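In: here are the coordinates; sequence isn't available:
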């Protein structure tokens, strides 16, 4: 191998392994070494599954030596967000409540990737129960941004995005309820894809906002995201919201688009308060797409200015019911101070949940409580309908919507204290969750401090494949995905 | 303006079965009203002829739940492996009734 392994894409490494250029045990050892060296300053991984990865690698090497068929992800190092189950491994969800919880089954997405001979390296850091936009809400330690370790990597899949940004793994899973795949991917200069709602099974993903949650890949290239989707984008009978569609071909069709036949919609009025540097970056991206022949039109998505308000009603309402199961009775931590049954609930939840989780459970309970349900929850459900309709109208005129991923590049740790200001970090990502749309975040350049910007392509429901094609065309024209954070480029 | 006061917070703690530390209470009293006020902006929108979104995808609107079937379930041992306390193959909890 002439190139360093972490300079390869997952597809390239898979090819090198299949061609016999490298053994799976060497791949596993290489990336485990990188994790040992770099994780202390990045906090990207909560647990490192070295033994498991090496055993898996030996099994794959044996398969290859016996000329047995190899999986699509053979030899590809993978990191799993720690809110997805891996059989017999700890799933903490970034919470003290589950610090010792050992998963009794595999999440479907994990199972599908292991079936394809992926090498699972470990589990990545996240905001507790995926509630946050900075990874500062992890109960254990915050993750850091590879481009500047004094900055946040975004959240909630901050550990996964930091791990890919620093090339400690070449593929990671994330879950996206309001932008938790795309926003950290954007802030860490990597690719993050949120599929159409229902495209990837949620079985084995610890639920946050069930009508919004979706699993997807975080990768170094769009093609790697396409590869991951071919593996995990399958119907699953164990998730009642899983789409009953045949698996799609993402990889072979990546180049099948001619942007001169494509119209992108930009909701300029919704973007009127975008900060100057972000606006310039976004405009530059539009110029790139125009240069490729695409048509850009102005569309009306003004309703999206209400996205945060809708989201923090619906997501917290759903979270308050989903998190009711953490009662200290059947699993998770139980307070040692509990003397009677009521204490078990109240003290276990007091000790087990962090401040942001408590706040969201309380908000959700408030908006669902008698006397307030119509004013908050039902109202938000109606406005959500209007968001969906607005996108439908937009897609009558354009093939995909373009938005920045975030209002700004990565911000310093502990610099945002106001909850609304923190929630606003997701203003451009939440609309896709509210409408169940496929959306991808691709690196789109850097600010004056060398921190990455991201561009977002949002397609109509079920248009996951075209969304990836547009992003791939943009990626090939800009090659920002080839840039690695300087501190992690070498050993 | 939302009237989110100590009484509302105490009631929510009860409903949520969560107790908060004094510092958390202080922060919640500051932020909850602010967040609820922010949510009030939805009242600017006329939704009188709009139906609530019950399904994100229209495809799911007609989906009927499948019949219940007995599938692979956890064994008693697997289930109890994560239980905080157990006795004789069952989960042990503190007394439900307080004896005066």
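Out: All right, it came through fine. Please read these numbers as outputs of a predicted model, since none were measured by experiment. Residues are numbered from 1 along each chain as shown, chains lettered A, B, ... in the order given.
In: what ranges do the strands span in the stretch 201-350 of chain A?
Out: With DSSP state E, counting those that start in this stretch, the ranges of strands along the stretch 201-350 of chain A come out as A:215-219, A:263-266, A:295-298.
In: Just name the most buried of the ones you listed.
Out: strand A:215-219 (a mean of 30; mean count of other CB atoms under 10 Å in any protein chain shown). No exception for glycine: its C-beta is placed from N, CA and C like everyone else's.
In: So what touches it?
Out: A:9-10, A:84, A:107, A:109, A:157, A:160-161, A:164, A:170-176, A:181, A:184-185, A:190-195, A:200-202, A:205, A:224-225, A:228-229, A:232 (CB atoms under 8 Å, 6 or more residues apart in numbering or on different chains).
In: ditto for stretch A:272-286
Out: A:264, A:266, A:271, A:296, A:402, A:404, A:406-409, A:444-445, A:447-448, A:453, A:455, A:474, A:478.
In: Could you give the separation of it from the chain centroid?
Out: 23 Å (CA atoms, centre = their mean, to the nearest Å).
In: buried ones in it?
Out: A:274, A:278, A:281, A:282, A:285 (16 or more other CB atoms under 10 Å in any protein chain shown).
In: In contact with the spatially most central residue of chain B, which residues?
Out: In chain B, the centroid-proximal residue (CA atoms, centre = their mean) is residue B:16; its distance is 6.9 Å. Counting by CB under 8 Å, 6+ apart, residue B:16 makes contact with A:320, A:349, A:358, A:361, A:362, A:365.
In: Ramachandran coordinates for it?
Out: phi -90, psi -10 (degrees, to the nearest 10).
In: All the helices of chain B, residue numbers only.
Out: B:6-16, B:22-39, B:76-80 (DSSP state H).
In: Turn these into a markdown table, including distance to residue A:101.
Out: Below are the helices of chain B laid out as a markdown table (distance: least, CB to CB, whole Å):
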| stretch | distance to residue A:101 |
| --- | --- |
| helix B:6-16 | 21 |
| helix B:22-39 | 24 |
| helix B:76-80 | 12 |
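In: who touches stretch A:420-428?
Out: Applying CB under 8 Å, 6+ apart, the set of residues contacting stretch A:420-428 is A:132-134, A:154, A:178-179, A:183, A:304-305, A:307-308, A:311-312, A:403-407, A:416, A:456, B:34-35, B:38.
In: quick check: mean pLDDT across it?
Out: The pLDDT scores in stretch A:420-428 average 96.
In: which parts of stretch A:401-416 are buried?
Out: So stretch A:401-416, judged by 16+ other CB under 10 Å, has buried residues A:401-411, A:413, A:416.
In: can you pull the pLDDT of the residue nearest to residue A:338 when sequence neighbours are not counted?
Out: In space, and not counting its chain neighbours, residue A:338 is closest to residue A:344: 4.4 Å by CB to CB, 6 or more residues apart in numbering or on different chains. Reading off the confidence values, residue A:344 has pLDDT 94.
In: do the same with residue A:310
Out: Residue-level confidence at residue A:310 comes out at 98, pLDDT.
In: what's the closest non-adjacent residue to it?
Out: residue A:380 (4.6 Å).
In: Show me which residues of the stretch 51-200 of chain A are close to chain B?
Out: Taking CB under 8 Å from any CB of the partner chain as the measure of proximity, the stretch 51-200 of chain A contacts chain B at A:101, A:102, A:104, A:105, A:196, A:197, A:198.
In: I figured the second one was touching residue B:83, is that so?
Out: To tie it back to what came earlier, the one meant is residue A:102. No - counting by CB atoms under 8 Å, residue B:83 is not a contact partner of residue A:102; they are 11.5 Å apart.
In: Next to chain B, which bits of the stretch 201-350 of chain A? Give me the list.
Out: A:211-212, A:237, A:240-241, A:243, A:303, A:306, A:308-310, A:312-313, A:320, A:327-334, A:338-347, A:349-350.
In: Many thanks, have a good one.
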